[in-house]
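Trainee: Predicted model follows, preceded by the sequence.
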Amino acid sequence: MSLLYSLDLLGTAAFAASGAWAGIRRDMDLFGVVLLGLVTANGGGTVRDLLLGAPPFILKNETYLYLSLIVSLLVFIFHQKIEFLHHPLQFFDAIGLGTFVVIGTGKALEYHIGFFGSVMMGVMTATAGGMIRDVLSNQVPLVLQREVYASACIAGGILLYLLHLTPFPADWSLVASALAVIIVRLLAIRKGWSLPRAVVKVQH
């Protein structure tokens with residue numbers, strides 16, 4: 001099993017847990033929880049493959065679907081056991097972000113996509129599933145809020161692309177880029193970091 005595939009499975013499990021947890025928090029039934037787990041884990045990669053003109057990965061390897069289903073069911077059954085995590089959704093989401101950024105960017109590099117396209121494929125892979133999750137659970141998508149979310153993905157994609165141009169070992173490049181995204185995201189949650197926003201003055 002390659003490191004890239006291992007990271008892919010880790011990201012799938014993390015995002016499935018993230019989606020399932022969001023369903024539980026919105027008081028959905030078993031079907032809703034599982035559906036959110038499936039689309040969160042597989043939505044971004046499916047959109048990426050369609051944009052790259054490749055067969056969707058979930059149709060080539062159904063392991064991703066089975067893994068998403070199992071993780072979603074486990075979260076549904078044992079959700080009370082993971083309440084000890086202060087922010088389970090954000091914790092799982094951060095892991096999924098980091099791993100999926102390097103998966104998406106790495107796959108774009110295999111297709112010899114340029115700098116901008118490679119980074120955007122990484123961001124798309126990492127964020128599209130979460131956007132679908134938030135829309136289905138009637139939440140404003142995290143990627144559209146002030147939080148350091150998509151910007152962390154962009155930074156991770158850029159880092160991986162730059163490391164790809166150096167003699168730095170490929171496996172270590174993947175790990176370093178994924179960890180960078182995860183750490184930045186978790187620090188942003190803990191420290192309350194956010195991007196600046198425009199202040200609109202209300203005239204009376």
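Mentor: Thanks, I have the structure now.

Trainee: Could you pull out the helices in this protein for me?
Mentor: 3-25, 30-52, 57-60, 63-78, 88-110, 115-136, 150-164, 170-191 (DSSP state H).

Trainee: and these, which is most packed in?
Mentor: Of all the helices of the chain, helix 88-110 carries the top mean neighbour count, a mean of 26, counting by mean count of other CB atoms under 10 Å. C-beta: built from backbone N, CA, C; applies to glycine.

Trainee: mean confidence for that helix?
Mentor: Averaging pLDDT along helix 88-110 yields 88.

Trainee: and that helix, what does it pack onto?
Mentor: Here helix 88-110 touches helix 3-25, helix 30-52, helix 115-136, helix 150-164, helix 170-191, going by 3 or more CB pairs under 8 Å, 6 or more residues apart in numbering; DSSP states H and E.

Trainee: any idea how far the fourth one is from the chain center?
Mentor: The offset between the C-alpha centroid of helix 150-164 and the centroid of the whole chain comes to 14 Å, using CA atoms, centre = their mean, to the nearest Å.

Trainee: now the angle from it to helix 88-110?
Mentor: Angle of helix 150-164 versus helix 88-110, following axes from the mean of the first three to the mean of the last three CA atoms, to 10 degrees, is 40 degrees.

Trainee: To K81, which of the helices and strands packed on helix 88-110 lies closest?
Mentor: Closest approach to K81 among the helices and strands packed on helix 88-110 is made by helix 3-25 (12.1 Å; CB to CB).

Trainee: quick one, that closest one and helix 170-191 angle?
Mentor: Using the same axes, to 10 degrees: helix 3-25 against helix 170-191 is 30 degrees.
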